[in-house]
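>>> with the input below, show me the fold.
(2 chains)
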2 protein chains.
Amino acid sequence: MALILKTDIYRGNAWHDAFARFLPDVPVRDWDNPGKLEDIEYALVWAPEKGVLATFPNLKAIFSVGAGFDHLTVDPDLPEGVPIVRMVEPGLTAGMIEFVVMSALYHHRFMLDYARQQREKVWHEIEQIPTFRRRVGILGLGVLGAACAQKLRGFDFKVAGWSRQPKDYEGIESFHGADGLIPFLNRSDILVCLLPLTPETEGILNAETFAALPQGAALISAGRGGHVVEADLLAALDSGQIGGATLDVFREEPLPPDSAFWTHPRVVVVPHIASMTIAETASEAVAANIRRIQAGQAPLHVVDLKRGY
Amino acid sequence: MALILKTDIYRGNAWHDAFARFLPDVPVRDWDNPGKLEDIEYALVWAPEKGVLATFPNLKAIFSVGAGFDHLTVDPDLPEGVPIVRMVEPGLTAGMIEFVVMSALYHHRFMLDYARQQREKVWHEIEQIPTFRRRVGILGLGVLGAACAQKLRGFDFKVAGWSRQPKDYEGIESFHGADGLIPFLNRSDILVCLLPLTPETEGILNAETFAALPQGAALISAGRGGHVVEADLLAALDSGQIGGATLDVFREEPLPPDSAFWTHPRVVVVPHIASMTIAETASEAVAANIRRIQAGQAPLHVVDLKRGY
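Purely as a prediction, here's the structure:
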């Protein structure tokens, strides 16, 4: 029995230290030094090379290091019947709450305008709008979206969410399905995308959906780059239909140097850092899930590959 | 009986509309058209011309439009014995919470570094620090400071406050008095100033106090410009002792065009907008206080001029 790690975009040592604490009886192996392949029962991985997971004959679960698992399903040889578990851990959720609340407040408080004023040395007070008249809309009310919605509600924003199925969170207006999308966008002054990337959500942020937003709405894109039709977003920014955007994810990452987003005065670009899995909190969550499997239970947060999330 | 308004930096109509709703039996007069001076029993003012308040012989209370009242005490003819009431109203508190939380998260999440990376088209992930290892310190635990402290605590930051007297808020470490200042600064990675401006707090943010902070600490200055020794702050920014600053208030406002803060790459300048009194919520609070006076009670939130806040 062993757990193999491919967590190279994070800190290898932090993971080893944390698993030594939370899962002391399970040997932990590094991706580049797997030992006997028969031993590997669990894999905690980010963007593994295609075909490698299929070489572990006794694999019981594949844990994604991040909230998304599109880095796994691109593998045509992904072993069938082995559950894929998305990362749900308090550090990742907390980080996304921080990023979304910070960015929503940034647009709510006209900070792009104040940044321009600072560049131009202009001292001018913009009349503030109270949060109870600012409508935030969250695309995707999964673990991360619901947590962000509730935190924003705590600032007295008017918060709504859009998801495939209706959701019931206190104080959060629920829109759902294809029919609910346009009414949801019509009332969203600040739009936050935290959807999973599926064939249905690919390109969901496009000229048509931007046009359904109130004029000058802000966009916070922290799901996947594939949600955004980038040319449409640039056009909406240039026309003023979108008044400002915080973009964490892109079609191509790293964002190419010739992308117009880098230099657009109404765009904040960050390098896919909205939230990161924290080794010490995530390893505890993964360890608990491995304990479930060892006890004969199904792991939590298994991906439904047919549904796409 | 009448209430006179000098609220010119805000929206006159919004105040009139709100007082018509919350205080329909009290005539509201504009500063430039006061009518019979004997009628004026209440004044709600921002930066009134010196000597004018003394011309109202029946004045019972002076309400400041903002949280500070230094704009009143500069008047050598301020009528004696008339209580000065600072503004405590939910809109002002909510706005300060928004600004402080946004700014704390901005520095916590390395957004000044990411802004530089955006300018340089650099895609580089900076390892995130969890909030539970980030120490925020709030100078001033009055109404605004305590509200900000509690909201930051809700993000799992390690929060402490410093005030003249010890305070007891759950989860907020309390430091107080001259002896408590340096230990408080020693543990503050993000320092927020929400102090009142008094002879004791004038210039409190200076070379000595900056040196007591952890290297690279962030400063959020949203009290009064007089708290900051500006040359010392620039030196601390240039040396890296202060890693970044969000400055809302300045010694001279509007900030002069030749101020180095405008162009400093580690400084966010905003034009004294951290929080604004909201007419509709503030007029309700002022109306309630006028009702107290009419009922023979002392108004709430009266300033202690000797103590200075």
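
>>> kindly report the residues of the stretch 51-200 of chain A close to chain B.
Contacts of the stretch 51-200 of chain A with chain B, taken as CB under 8 Å from any CB of the partner chain, map to A:91, A:94-95, A:97-99, A:101-102, A:105-106, A:108-109, A:111, A:114-115, A:117-118, A:121, A:123-128, A:130-131, A:154-156. For glycine as for every other residue, the C-beta is placed from the backbone atoms N, C-alpha and C.

>>> just the buried ones from the residues you listed?
Taking 16 or more other CB atoms under 10 Å in any protein chain shown as the criterion, what is buried in those is A:91, A:94-95, A:97-99, A:101-102, A:105-106, A:108-109, A:111, A:114-115, A:117-118, A:123, A:125, A:128, A:130-131, A:155-156.

>>> so what's the closest residue to residue A:108 other than its chain neighbours up against?
When the adjacent residues along the chain are set aside, residue A:108 lies closest to residue A:134, with 5.5 Å between them (CB to CB, 6 or more residues apart in numbering or on different chains). By CB atoms under 8 Å, 6 or more residues apart in numbering or on different chains, the contact list for residue A:134 reads A:108, A:157-158, A:189-190.

>>> need the pLDDT of residue A:134.
Note for residue A:134: predicted pLDDT of 98.

>>> and if you look at residue A:127?
What the model reports as pLDDT for residue A:127 is 89.

>>> which helix or which strand is home to it?
For residue A:127, there is no helix or strand it lies in under DSSP states H and E.

>>> what secondary structure does the spatially closest residue to residue A:198 that is not a sequence neighbour sit in?
The spatially closest residue to residue A:198, leaving aside those adjacent along the chain, is residue A:308, at 3.3 Å (CB to CB, 6+ apart). Three-state call for residue A:308 (DSSP: H, G, I helix; E, B strand; the rest coil): coil.

>>> sec struct for residue A:137, please.
Put simply, residue A:137 is strand when judged by three-state DSSP.

>>> okay, now it: neighbour count?
If you count neighbours by other CB atoms under 10 Å in any protein chain shown, residue A:137 ends up with 24.

>>> related to what we said a few turns ago, the buried ones among the residues of the stretch 51-200 of chain A next to chain B in helices, which ones?
Secondary structure from DSSP state H places A:91, A:94-95, A:97-99, A:101-102, A:105-106, A:108, A:111, A:114-115, A:117-118 of those in helices.

>>> in those, find the pair that's most separated.
Pairwise distances among these were taken by CB to CB; the largest, 35.9 Å, belongs to A:91 and A:117.

>>> format the contacts of residue A:134 as CSV; extra columns: pLDDT and distance to residue A:261.
Output for the contacts of residue A:134, formatted as CSV (pLDDT from 0 to 100; distance: CB to CB, whole Å):
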residue, pLDDT, distance to residue A:261
A:108, 98, 21
A:157, 98, 26
A:158, 98, 29
A:189, 98, 21
A:190, 99, 19
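
>>> want to throw those into JSON lines with distance to residue B:45?
Formatted as JSON lines, these follow (distance: CB to CB, whole Å):
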{"residue": "A:108", "distance to residue B:45": "29"}
{"residue": "A:157", "distance to residue B:45": "32"}
{"residue": "A:158", "distance to residue B:45": "33"}
{"residue": "A:189", "distance to residue B:45": "33"}
{"residue": "A:190", "distance to residue B:45": "35"}
